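# sequence unknown, structure follows:
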């Protein structure tokens with residue numbers, strides 16, 4: 001979710017936390033970078049797959065088999081200027097068992113190198129994140145961190161051959177294959193019946209594979225990869241898989257998220273009063289249906305005779321959390337968010353048709369997830385255009401998209417980095433005329449002060465606030481990865497107390513500009529200690545899902561181009577200082593991950609480190625976002641008449657913010673869910689191991 005996508009599969013397939021960030025991850029291979037020219041050239045007759053979104057495609061995979069039986073693939077992908085180029089070799093034995101896998105290539109000049117070998121009953125593997133050896137079997141398969149989409153195809157073949165449709169994944173975990181749906185589509189001049197399969201156990205989200213008989217047509221994890229001759233059929237397949245995945249959730253919802261048929265009393269619990277920015281001990285809260293009906297000191301709130309009474313001893317009840325920077329691009333993200341106590345999200349960029357389908361499924365109770373407040377992402381054309389959202393090449397197209405957002409009931413619009421700067425003012429004016437909010441990245445060549453003067457109500461990502469202090473050559477390219485490189489190189493030397501920058505921050509406050517910082521993501525970029533995890537994932541230890549446990553390790557640190565590791569650390573400390581300066585002026589600061597929901601609590605911990613009190617830090621994920629979207633009458637605090645979106649945690653976050661990770665129960669939409677059930681659904685094997 002940092003507006004989508006380490007290397008091709010590490011980002012596109014495996015690591016939600018690193019992958020969706022779009023950030024320059026401070027983890028790299030230990031081998032010398034390979035030059036792209038040294039990679040294999042696909043033969044003219046190779047099979048071509050396109051990586052979506054399409055029209056135009058954002059990348060391409062070629063697949064072919066050489067005369068010695070080696071299965072090759074090469075994959076190139078451009079994610080808003082971030083280029084991946086990797087090749088992969090697979091050797092299978094006569095029974096289809098994996099013998100050798102070799103991946104190499106480049107990711108922004110950093111090498112991509114990974115290998116797996118099985119021989120005489122033993123295996124060994126090495127990636128940029130981990131390595132190991134063990135006993136090999138015909139029922140084992142290695143799923144690479146940095147491979148191509150052909151890894152999914154090969155894994156599917158192994159799963160289809162397995163009698164139980166399961167295989168052991170090296171070094172740990174189990175992949176499972178389930179038939180998802182069949183659908184008839186018109187392909188060219190004939191009708192075809194395609195079958196979709198769902199793979200669990202290799203990614204934090206659902207992986208879907210489409211086949212026409214024995215022929216592979218498409219795979220989909222973060223982005224779809226579709227055989228080129230089937231590109232035009234993808235929208236229909238996409239719609240079918242979203243609906244079919246939701247159907248699978250029916251039994252899950254009934255089991256772990258039943259509708260409560262009686263009043264619920266949280267008795268004698270510590271509550272977080274978000275309106276008063278205080279914790280109150282020995283209070284009780286009564287919920288009937290989907291609303292809070294009574295709240296007060298425990299002695300003053302009684303339970304009806306048929307009430308379900310939940311003891312609050314040693315626990316804290318809070319309003320359900322908000323993630324102010326979320327991309328609901330997969331069904332699986334719903335349970336993941338709920339498992340962290342997140343009951344509401346701002347979807348800050350998505351494919352509108354997909355999001356509408358998911359929101360309808362949520363509304364009907366056919367999908368398990370948080371409330372969604374959507375914004376429409378609008379970008380301009382070009383090589384750095386966003387993979388999500390819609391495009392506007394002219395004022396007329398931009399105005400049409402703003403009006404489309406209003407007609408769809410969107411809360412606001414988000415302008416992105418390749419939007420023509422001349423469009424900011426008229427698009428903002430039209431959005432405001434229609435009662436919508438305006439925010440986003442700051443387009444190339446524009447400084448944040450100019451953007452807010454032309455209509456921005458909010459700035460997404462703290463690095464775009466930092467752009468006010470950057471050299472012009474950085475600002476001119478802030479729709480490329482320079483938006484990370486520049487602040488990494490120059491950010492540590494910024495003086496936020498200087499008259500010019502202090503006046504800039506004062507104007508942000510005077511104009512009531514909000515900032516959703518995604519600060520935990522920047523910690524993941526700039527702070528690196530070999531052998532250790534950073535930030536929010538560190539608190540979970542070995543309880544992390546397999547996919548995240550592998551990709552969250554760091555074996556080697558590399559600096560951003562043009563910046564030393566010392567400069568990167570200094571830049572991060574200056575970002576913490578910037579949050580302090582914003583807070584002192586009363587600027588609204590919002591917690592938002594743009595990555596795995598695990599990072600939301602880390603945002604709050606970093607806000608506290610920057611000088612916010614614990615109640616103020618929690619407010620950034622409760623009442624502050626609710627007010628920002630105009631929903632504080634329903635959400636964001638515990639009060640009579642408000643929606644019963646509630647989070648019960650085991651512990652005392654008034655003294656230890658990390659206790660927010662100990663989710664005991666979650667209420668949303670009249671459903672009462674146990675934290676353990678939600679974590680298990682999301683792939684966690686337990687509760688966090690420690691708090692900061």
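Looks like it arrived, so ask away. Predicted model, so just to flag it, every value in this text is computed and none were measured.
# which element follows the helix ranked longest in the chain toward the C-terminus?
As assigned by DSSP state H, the longest helix anywhere in the chain is helix 234-256. Going down the chain from helix 234-256, the next helix or strand is strand 264-273, by DSSP states H and E.
# identify the residues contacting that following strand?
Contacting residues not belonging to strand 264-273 are listed as 278-288, 295, 298, 301, 303, 307-313, 315-319, 615, 618, 622, 637-638, 644, 646, 648, 652-654, 667, 672 [C-beta atoms under 8 Å, 6 or more residues apart in numbering]. Just so you know, the C-beta spots here come from the backbone N, C-alpha and C atoms, and that holds for glycine as well.
# circling back to that earlier point, what about the longest helix of the chain, average pLDDT?
Confidence over helix 234-256, taken as the mean pLDDT, stands at 87.
# with stretch 323-334 instead?
Summarised as a single mean, pLDDT over stretch 323-334 is 93.
# next: stretch 259-278.
The average pLDDT for stretch 259-278 rounds to 97.
# now do stretch 375-388
Along stretch 375-388, the predicted confidence averages to a pLDDT of 91.
# of the contacts of strand 264-273, buried ones?
The neighbour-count criterion (16 or more other C-beta atoms under 10 Å) marks 279-280, 283-288, 295, 298, 301, 307, 310, 312, 315-319, 615, 618, 622, 637-638, 644, 646, 648, 653-654, 667, 672 among those as buried.
# need the contact partners of stretch 466-486.
23-24, 80-82, 108, 384, 416-418, 441-449, 463-464, 487, 490-491, 494, 496, 501, 504, 525, 560-563, 574-575, 578.
# strands of the stretch 501-650 of the chain, start to end?
In order along the chain, the stretch 501-650 of the chain carries the following strands (DSSP state E, counting those that start in this stretch): 514-516, 589-590, 646-650.
# can you tell me the strand partners of the shortest one and which way each runs?
The pairing partners recorded for strand 589-590 under DSSP bridges are strand 514-516 (parallel).
# which other residues reach the partner strand?
With contact meaning C-beta under 8 Å, 6+ apart, strand 514-516 is reached by 324-325, 439, 457-462, 465, 508, 582, 587-592, 628.
# rerun that using 7 Å as the cut-off
324-325, 457-460, 462, 465, 582, 587-590, 592, 628 (C-beta atoms under 7 Å, 6 or more residues apart in numbering).
# ok, now stretch 337-346?
320-326, 328, 368-373, 375, 597-598, 600, 625, 629, 635, 645, 647, 660, 663, 666, 668, 673, 675, 678-679, 682, 684.
# what's the answer for stretch 85-99, then?
7-8, 36, 39-40, 70-76, 100-106, 112, 116, 118, 138, 141-142, 146-148, 150-151, 154, 157-158, 161.
# check stretch 414-425 too.
Contact partners of stretch 414-425, identified using C-beta under 7 Å, 6+ apart, comprise 348-349, 375-380, 382, 384-386, 389, 392, 395, 398, 427, 439-441, 443-446, 451, 454-455, 460, 478-479.
# what are the buried residues along that stretch?
For stretch 414-425, the buried set under the neighbour-count rule, 16+ other C-beta under 10 Å, comprises 414, 415, 416, 417, 418, 419, 420, 421, 423, 424.
# and stretch 389-400, by the same measure?
389, 390, 391, 392, 397, 398, 399.
# same deal with stretch 224-242?
Going by neighbour count (16+ other C-beta under 10 Å), the buried part of stretch 224-242 is 224-227, 230-231, 233-234, 237-238, 240-242.
# and these, which two are furthest apart?
Among the buried residues of stretch 224-242, the pair separated by the greatest distance (C-beta to C-beta) is 227 and 242, at 20.1 Å.
# could you list which of the contacts of stretch 85-99 belong to helices?
Those of these lying in helices (DSSP H): 8, 150, 151, 154, 157, 158, 161.
# what about the second one, how many neighbours?
Put plainly, it is residue 150. Using other C-beta atoms under 10 Å, residue 150 has 25 neighbouring residues.
# which residues are contacting the host helix or strand of residue 356?
Using DSSP H and E, residue 356 maps to helix 352-364. With contacts defined as C-beta under 7 Å, 6+ apart, helix 352-364 is touched by 238-239, 242, 246, 328, 331, 347, 367, 369, 372, 374, 376, 390, 408.
# now the residues you listed in CSV, with secondary structure and distance to residue 263?
Written out in CSV, the entries for those read as follows (DSSP: H, G, I helix; E, B strand; the rest coil; distance: C-beta to C-beta, whole Å):
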residue, secondary structure, distance to residue 263
238, helix, 41
239, helix, 39
242, helix, 35
246, helix, 30
328, coil, 31
331, coil, 31
347, strand, 32
367, coil, 26
369, coil, 25
372, strand, 27
374, strand, 32
376, strand, 39
390, strand, 45
408, coil, 36
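# output those residues in a markdown table, with distance to residue 205 appended to each entry.
Converted to a markdown table, the contacts of helix 352-364 look like this (distance: C-beta to C-beta, whole Å):
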| residue | distance to residue 205 |
| --- | --- |
| 238 | 14 |
| 239 | 17 |
| 242 | 12 |
| 246 | 14 |
| 328 | 11 |
| 331 | 8 |
| 347 | 15 |
| 367 | 14 |
| 369 | 13 |
| 372 | 17 |
| 374 | 19 |
| 376 | 23 |
| 390 | 23 |
| 408 | 25 |
